[in-house]
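Participant: The following block contains a protein sequence and its predicted model.
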Amino acid sequence: MELAIAWSFPLPQAGASGRMGYSGDELLYLAYWYPQMAVYDDVVGWHVEPFRGNAEFYSDFGSYEVTVDAPAGWLVMSTGTLRNPAAVLAPDVAERLAAAESSDDVVHVVAHDGVDEATAEAADGRLRWEFRADSVRDVAFAVMRNHAWDAARTPVGDRDGDGATDYARVDAFWRECAVNYEEAWRYAQHSIDFLSRFTGLPYPWPHMSVVEGGGIIGGGMEFPMMTLIGDYNRRGAEALYYVTAHELAHMWVPMILSTNERRYAWLDEGTTSFNENNARAEFFPDSDPYAGDRDGYLSTARMAAEGPIMRWSDFHRPGPAYGVASYAKPASVLHALRGVLGSETFDRAYRAYYDRWAFKHPYPWDMFATFEDVAGRDLDWFWRAWYYESTQDGDWYLDQAVAGVERLGSGETRITIADLGWVPMPVRLRIRRSDGEVLERTLAVDRWLEGADEATITLPAGPAVTRVEIDPEGYFPDIDRRNNVWER
């Protein structure tokens, strides 16, 4: 079937909460600008829920050919491959763009003092920029008059299985007033490289372009191959890395694993926040990138103001519930699952999820089933407690405590652990004796699943125990870590 549709699109200054718009007379960023087909999937059928503002969208994959007719002197970048660079770019700019495709270091494709000479000349004053994109769920484009253009390549792994490393180009378009963007190309370069490695799924498209959009947006917004990010002048370069890593992590979810953001925002935003945190851990190795999400979730849980992760995104109570259930809690819970399974098993399962569901429409149960399949374990207790329950409905939090340490007459030491909340988790202990010996012990989750609220372990006779700590590596979002440590 072929549909021919005529439509118009008035561009708002900062539309859809800053997801598109214009900044002065030098930047236009167009998104959600054309009619889209609703998604039909094998679970629900047609998805026709209206957009209510909280979560985002559910889109299907397609191929697009887009022509942008713009005044000469304005740069255009879009989802897709630019098919006619020689016709729209000045010759030296086209040369530098080609050079960037094989450069690990930045190439200044267009400098701030060269923006007036960036495009080809046009007899009628207008240029037609032609793009083609395949296997994408949306198209966005930027039209810019005063943006410099930095570019470089980044490794993405082996896309085609020939044993050779493949690359994508990363772009940073930014105005001189956005002082923190000098390294934006490097932030994009690291993010795409890291996320290709971390997910095991090579970035599949030819470029990833970061567009500075101060005056339109404060944070960031993602589209296939494109992201719009605020100027970040007040928040600093480190914060600019954070938002860049987050928006580029969205290229995997929901751009490759096309989840239903309208119903399950957490499957998109929570997974992306988790991926961002891991990228931050590599880029800033002395930081604790998991603390922000963990603390955000716990502060809301203590107030019983959170809602279940699995609640539909539009139906959370007013306040912090939507943000915590969509971002902070699911990111923290994935980190906790890594602590349960161990890094090796978790990474295998996580990468299997991406491999199995690339360019498809996974539901939450597909992620759950993949983890159980690869790990070879029933994790229903984990999914129920963390994803289906919340402190709105009772003491659904994790609170493990060292309840007592007793030296027995035999010289043995008995350690009592209390489970004070309703969320069951295994207990990881690090124990130190007076001679400096360090012991590691684990209590399986089965004890709590059987209904117990206390459990003990007994250490063989030896020097006195001087310290016991629960979850010393900080994987689990325990609501009160003050009772996680006993010291003599």
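Facilitator: Structure's in. What do you need?

Participant: contacts, neighbours, all on C-alpha from now
Facilitator: Fine.

Participant: List every C-alpha atom in stretch 267-280, with coordinates, as CSV.
Facilitator: Taking Å, rounded to 0.1, in the frame of the first residue of the first chain, the C-alpha atoms of stretch 267-280 are listed here in CSV:
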residue,chain,number,x,y,z
LEU,A,267,12.7,-0.4,29.9
ASP,A,268,14.1,2.5,27.9
GLU,A,269,15.2,5.1,30.4
GLY,A,270,16.2,2.8,33.2
THR,A,271,18.3,0.6,30.9
THR,A,272,19.8,3.7,29.3
SER,A,273,20.6,5.2,32.8
PHE,A,274,22.4,2.0,33.7
ASN,A,275,24.4,2.0,30.5
GLU,A,276,25.3,5.7,31.1
ASN,A,277,26.5,4.9,34.6
ASN,A,278,28.8,2.2,33.3
ALA,A,279,30.1,4.5,30.6
ARG,A,280,30.8,7.1,33.3
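
Participant: Neighbours of the closest residue to residue 71 other than its chain neighbours, how many?
Facilitator: Spatial nearest neighbour of residue 71, chain neighbours left out: residue 126 (4.3 Å); criterion: C-alpha to C-alpha, 6 or more residues apart in numbering. For residue 126, the neighbour count with other C-alpha atoms under 10 Å is 16.

Participant: Tell me the spacing between residue 126 and residue 120.
Facilitator: 10 Å (C-alpha to C-alpha, to the nearest Å).

Participant: Now for those two: what residues contact both?
Facilitator: Common contacts of residue 126 and residue 120, defined by C-alpha atoms under 8 Å, 6 or more residues apart in numbering, comprise residue 72.

Participant: Low-confidence ranges, the protein, go.
Facilitator: Residue ranges of the chain with pLDDT under 70: none are present.

Participant: Select the longest helix from it.
Facilitator: helix 265-283 (DSSP state H).

Participant: which residues are in contact with that helix?
Facilitator: Residues outside helix 265-283 that contact it (C-alpha under 8 Å, 6+ apart) are 55-56, 190-191, 194-195, 198, 242, 245-246, 249-250, 253-254, 259, 261, 287-290, 309-310, 312-313, 325-332, 334-335, 364.

Participant: Doesn't residue 143 belong to a helix?
Facilitator: No: assignment of residue 143 by DSSP: H, G, I helix; E, B strand; the rest coil gives strand, placing it outside any helix.

Participant: which helices and strands sit right next to the helix or strand following the longest helix of the chain?
Facilitator: Following helix 265-283 in sequence order, the next helix or strand is helix 291-302 (DSSP states H and E). Contact partners of helix 291-302 among helices and strands, from 3 or more C-alpha pairs under 8 Å, 6 or more residues apart in numbering; DSSP states H and E: helix 329-341.

Participant: what's the burial count for residue 332?
Facilitator: 27.

Participant: Same check on residue 17?
Facilitator: 12.

Participant: Can you classify it by secondary structure?
Facilitator: coil.

Participant: Can you name the residues that contact it?
Facilitator: By C-alpha under 8 Å, 6+ apart, the neighbours of residue 17 are residue 217.

Participant: ok, it to residue 35 distance?
Facilitator: 19 Å.

Participant: cool, and residue 104?
Facilitator: Residue 104 is 39 Å from residue 35, where distance means C-alpha to C-alpha.

Participant: can you check residue 27 too?
Facilitator: 23 Å.

Participant: Looking at those two, which has the bigger crowd around it?
Facilitator: Neighbour count, other C-alpha under 10 Å: between residue 27 and residue 35, residue 27 has more, with 25 against 10.

Participant: What residues of the longest helix of the chain count as buried?
Facilitator: Within helix 265-283, the residues that count as buried by 16 or more other C-alpha atoms under 10 Å are 265-280, 283.

Participant: how far out from the middle of the chain is it?
Facilitator: 3 Å (C-alpha atoms, centre = their mean, to the nearest Å).

Participant: Would you mind getting the angle between it and helix 329-341?
Facilitator: Interaxial angle, helix 265-283 versus helix 329-341 (axes from the mean of the first three to the mean of the last three C-alpha atoms, to 10 degrees): 70 degrees.
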